[in-house]
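> kindly return the folded structure for what I paste below:
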Amino acid sequence: MVLLGIVFAPASKGQEPDTGRLPGLQWRLIGPFRAGRVTAVAGVVGDPSTYYFGTPGGGAWKTSDGGQVWKPIFDKERVASIGALAVAPSDPRVVYLGTGEQTRGHGLYRSSDGGATWRSAGLEDLLFIQGIVVDPHDPNVVIVGGNSLGIGMLWRPLPRWADTANRGIFKTTDGGASWQKVFGDHSSAGVVDMCSDPSDPRVLYAVVYHTSSASGESKTEATSEIVKSSDEGSTWAPLQNKGLPEKARKRMGVTVAAGTGGRRLYAILDQGFFRSDDGGANWQQSTKDPRVVGNEYFSRVFADPNRPDVVYVSQTSMYRSVDGGKTFEAFAGAPSGDDFHVAWIDPRDSQRMIFGVDQGAIISVNGGNTWSSWYNQPTGQFYHVSTDNLFPYRVYAAQQDSGTAGVASRSDYGEILAQDWYSAGGFEYAFIAPDPVHPSLVYSGGWYGSVVRLDKTTGQIATVFERGQKYRVPHMAPLVFSPQTPSVLYLGTQFVLKTSDGAMNWQEISPDLTGYVEKEEPEGKVELDKPRPPGITSLAPSPVKNSEIWAGTSNRLVYITRDAGATWKNVSPPGLAEPVEILYVEASHHDPATAYLTVGATRESTPPYVARTHDYGATWEKVVNGFPDDEMVRVVREDPKRKGLLYAGTDTGVFISWDDGDHWQSLSLNLPATPVTDLDVHGNDLVISTFGRGLWILDNISPLRDIKAGLSADVRLFPPATSMLVRWDNYQDTTYPVETPAGQNPADGALIDYFLKTTTNEELTLTIYDEKGSRIAGFTSNANADDFAPANVPDYWFASPTKVPKLSGMNRFVWEMRYPPPASLPYSYYGELLEYTEYTLADHAIPGLTPRQMLRGPRIAPGKYSVELRYGGQTLRQPLTVELDPRVHASFQDLVQ
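Presented below is the predicted three-dimensional model:
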């Protein structure tokens, strides 16, 4: 008899390679430049050009040109979740960032140079900062409010790890060197909003949220109260709040109207909009407008800093009142529901404002008549990622709050622009399954648990599955094609469903794998926040055995069938409990008995949990050595070509294991800190989706597959992957402005990877030979910049001189697969000899990548080549195969000519 159990893999240090020595490998952003949710905004008083915003998973950003170009400013820190931010009114160089919103943060950060550099300002144990107030005269006096739960988790009972010390209100008078806790004796109370009185900055208000204490019969309802300080946060007392609803006050927002001497306050909560004209002692509901209500996501209110009767309320649109809250109009928004969250209005000019919405940050300098775009912020929050089999392949993912996207992995125009991606037709959180047999068809999860099919040739979208009353689906129902039988598509509800005829008919091939039995409620009792019934969260058909399928559920169960669904066996790891669920099951690409799984919570950070089995789930080993203790692991994928090579996505980046999970280390490289929600190995590329920084690709991971333990050789030349002859930039029209947001194309040429244990002053050379042994081209680490005549365009257009890198560790050189260029003289468009270089053609004009050599060498033909590396007294050679773009139909002779 085999006993089901879980054990821990040994934590002893092995001889795995060191990813800190991979400087030649770089992630590239492919977009799309469609922004995601914004959690914090601020501007600089009196400066119409400078603004900041923070995101729940994409860090912090700054614009210095009124929103035309946004740049990330927090990427060097290993935390991506921002809950609040504030610019010091007396010194705009001082900026504070409060971390923790959707995932846990690491306290408060401070910049003294406008976001160029950051340092920790303390409160590292305050996991979710929701409010920052900076003294208007002293940038070192700061009041911070925080919680133990993120905004999206407030409705849940307080988890065990949420210590009472990690919430409340804190004050510093020395810029964060030391802190005093000034409010927070309640065991379940945390701060969700904070503001100051513009007429008297010593007067502060905060909304304290009391989380529900338990579930079941002893459950206490969550509620909020407003507290006030009259000594700049040193002491606090509750307001009388007479006139506010006495019970069920969920999340609230509060603000003070300017020019009223602190007497008028506005508040929004789930029972309506309220106003006080005596400093909060008494309240009345000033409007019955059903649109102007709060909830757990939208309860924020913002007073105009110059007009006391103008007030804004966030909801699916931003609503504005110009009569003190009596009537409201939809001020900004769209039919799809932009979902407004935060706002900042310039105290010197109410025409200038920045709003944070589900789709990004938008700026107006004319009182809302026009707004800047959010299609220039690559902060999309994506879930599962998949790829098709076309060339170039497409990357598909569902984006929170915005829908779906199919993005080209490379463009024919040198960079990935807006025209290189499209909507895949599904819902904002969904699995997407491109049809491997019919490349024009893409299946996606749709509204309310449905499945839709996009035909790319016609643009038509058809609903091919409706769940009706019978089927239950989790938050995101898994949808995946069989890797063995590509005409078979699987869908997870509480059952595993299968279709093999293009979704015309669906067949149940499992019982209810969740084991859920709905409880009968007593007559007349309705539980409003009843948990969603469990469903299947992950499906993993085996790539090596057609009859094998793994399934994971939201109530922590794992099942396997080895006979195509005729029978199913419960192989769940023991000891799992709420709030976690099975996030992903990964069936091995090499062994039918092997699988990997990740366990975590979808709405909060939980400790890392990765497990593996080598006996069809009879036993599981927990393999988390190398992951940070406080960082949730969201997904694990196995490399299809090298057994035991694993990749993982965590709350802050990518990890890798060369020894089947016994040891893990970071593979984030240049990737900014961001939650990585899914990974897909497509050929030689590693593709990821992130929850805050869009979609990324690590090109050509073949060296990772070829690395041997220890990398003991002094010099190593890796076998190059097959290279494709592709026209990297076919754009012939007027060049796009350098400010145009664009994703990165893969490098233009063959990738040559080599490892150097140490470096010296010795020259390193790379030489390319054809199949007959004739020299094609040569390159050196000692190359000097070519002597070009001055250009007639700015230097920021041009690529750096071609030079062979020589760094300790992994190096990557890109050979453009051309013969050397011929000697040439600078002639004008009309043929006259010039003393400068006239760049008149748009061809290959990409900022930072445009060749200075206008007359380039001829392209090589497809065929067999070899690469020779000379360094350290060694001469190493590897073969290189070059193939033609599969979209091009030309004979070898045509190409040679």
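> contacts and neighbour counts: CA atoms only from here.
Will do.
> beyond the worst-scoring helix or strand of the chain on mean pLDDT, next helix or strand please.
In the chain, no helix or strand scores lower on mean pLDDT, DSSP states H and E than strand 5-8, which sits at a mean of 46. Reading on from strand 5-8 to the C-terminus, the next helix or strand found by DSSP states H and E is strand 27-31.
> show me what that next one is packed up against.
strand 403-408, strand 695-698, strand 743-744 (3 or more CA pairs under 8 Å, 6 or more residues apart in numbering; DSSP states H and E).
> which one, of these, ends up nearest to Thr759?
In terms of CA to CA, the element of these nearest to Thr759 is strand 695-698, at 25.3 Å.
> pLDDT (mean, whole number) over the closest one?
Per-residue pLDDT over strand 695-698 has a mean of 99.
> what about the stretch 51-200 of the chain, any weak spots by pLDDT?
Counting by pLDDT under 70, the ranges of the stretch 51-200 of the chain that qualify are 151-165, 186-187.
> ok, which stretches of it are strands?
Assigned by DSSP state E, counting those that start in this stretch, the strands in the stretch 51-200 of the chain fall at 51-54, 60-63, 71-72, 82-87, 95-99, 108-111, 119-120, 128-134, 142-147, 168-172, 180-183, 189-197, 200-210.
> so which elements touch the longest one?
This points to strand 200-210. Checking 3+ CA pairs under 8 Å, 6+ apart, strand 200-210 ends up next to strand 189-197, strand 223-229, strand 253-256.
> mean neighbour count and distance to Gly83 added to these, as TSV?
Shown next, in TSV, are those (neighbours: other CA atoms under 10 Å; distance: least, CA to CA, whole Å):
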stretch	mean neighbour count	distance to Gly83
strand 189-197	26	10
strand 223-229	21	19
strand 253-256	28	15
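> need the ones you listed in JSON lines with distance to Ser702, can you?
Output for the helices and strands packed on strand 200-210, formatted as JSON lines (distance: least, CA to CA, whole Å):
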{"stretch": "strand 189-197", "distance to Ser702": "48"}
{"stretch": "strand 223-229", "distance to Ser702": "55"}
{"stretch": "strand 253-256", "distance to Ser702": "53"}
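> out of those, the one nearest Arg472 is which?
Of the helices and strands packed on strand 200-210, nearest to Arg472 by CA to CA is strand 223-229, at 31.1 Å.
> and the angle for that closest one with strand 200-210?
Orientation note: strand 223-229 sits at an angle of 160 degrees relative to strand 200-210 (axes from the mean of the first three to the mean of the last three CA atoms, to 10 degrees).
> tilt between strand 223-229 and strand 189-197?
Using the same axes, to 10 degrees: strand 223-229 against strand 189-197 is 40 degrees.
> so how far is strand 223-229 off the chain centroid?
Distance of strand 223-229 from its chain centroid, counting by CA atoms, centre = their mean, to the nearest Å, is 34 Å.
> helices or strands up against it?
Using 3+ CA pairs under 8 Å, 6+ apart: strand 223-229 touches strand 200-210, strand 237-238.
> tell me the most buried of those strands?
By mean neighbour count, with neighbours taken as mean count of other CA atoms under 10 Å, strand 200-210 ranks first of those at a mean of 22.
> where does pLDDT dip in this protein?
1-16, 151-165, 186-187, 212-220, 248, 520-531, 603, 709-712, 841-844, 897.
> how's it carved up into domains?
For the chain, automatic domain parsing gives the domain ranges 5-13+380-515+532-712, 35-360, 713-897.
> for Gly367, find the nearest of those domains.
Of these, nearest to Gly367 by CA to CA is domain 35-360, at 3.9 Å.
> span of the closest one from start to end?
5 Å (CA to CA, to the nearest Å).
> which residue ranges of the protein form helices?
Secondary structure of the chain by DSSP state H: the helices cover 702-706, 892-896.
> buried residues in the first one?
Of the residues in helix 702-706, those scored as buried under the neighbour-count criterion (16 or more other CA atoms under 10 Å) are 702-705.
> which residues does Arg348 contact?
45-46, 305-306 (CA atoms under 8 Å, 6 or more residues apart in numbering).
> ugh, wrong one, Ala540
Taking CA under 8 Å, 6+ apart, one finds 480, 549-551, 585-587 in contact with Ala540.
> any chance of TSV for the strands of the stretch 51-200 of the chain, columns distance to Ala430?
TSV is the format used below for the strands of the stretch 51-200 of the chain (distance: least, CA to CA, whole Å):
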stretch	distance to Ala430
strand 51-54	25
strand 60-63	27
strand 71-72	28
strand 82-87	25
strand 95-99	28
strand 108-111	34
strand 119-120	37
strand 128-134	27
strand 142-147	30
strand 168-172	36
strand 180-183	42
strand 189-197	30
strand 200-210	32
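> closest one to Leu855 among those?
Going by CA to CA, the one of the strands of the stretch 51-200 of the chain nearest Leu855 is strand 71-72, 34.5 Å.
> and the contacts of Arg348, which of them are buried?
45, 305-306.
> now, which of the contacts of Ala540 lie within strands?
480, 549-551, 585-587 (DSSP state E).
> surely Gly492 and Leu539 touch.
Yes: the criterion here is CA atoms under 8 Å, and Gly492 meets it with Leu539 at 6.9 Å.
> joint contacts of these two?
Joint contacts of Gly492 and Leu539 (CA under 8 Å, 6+ apart) are 478-479.
> give me phi/psi at Lys250?
Main-chain torsions, Lys250, degrees, to the nearest 10: phi -80, psi -150.
> thinking again about what came up before, nearest to Gly515, out of the helices and strands packed on strand 223-229?
Of all the helices and strands packed on strand 223-229, strand 200-210 comes closest under CA to CA, at 33.9 Å.
> got the angle between the closest one and strand 168-172?
Using the same axes, to 10 degrees: strand 200-210 against strand 168-172 is 150 degrees.
> can you give the strand pairings for strand 200-210, parallel or anti for each?
Counting by DSSP bridges, the strands paired with strand 200-210 are strand 189-197 (antiparallel), strand 223-229 (antiparallel).
> between these, which gets nearest to Ser444?
strand 189-197 (35.8 Å).
> from the chain's centroid, how far away is the closest one?
So, by CA atoms, centre = their mean, the centroid of strand 189-197 is 28 Å from its chain's centroid.
> using PDB, list the CA coordinates for it.
The C-alpha trace of strand 189-197 is given here as PDB (Å, rounded to 0.1, in the frame of the first residue of the first chain):
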ATOM      1  CA  ALA A 189      -8.700  48.100  13.000                       C
ATOM      2  CA  GLY A 190      -6.700  49.400  10.100                       C
ATOM      3  CA  VAL A 191      -6.600  52.600   8.100                       C
ATOM      4  CA  VAL A 192      -8.100  52.800   4.600                       C
ATOM      5  CA  ASP A 193      -8.200  56.600   4.000                       C
ATOM      6  CA  MET A 194      -6.600  59.700   5.300                       C
ATOM      7  CA  CYS A 195      -6.700  63.500   4.600                       C
ATOM      8  CA  SER A 196      -5.900  66.800   6.200                       C
ATOM      9  CA  ASP A 197      -7.800  70.100   6.600                       C
END
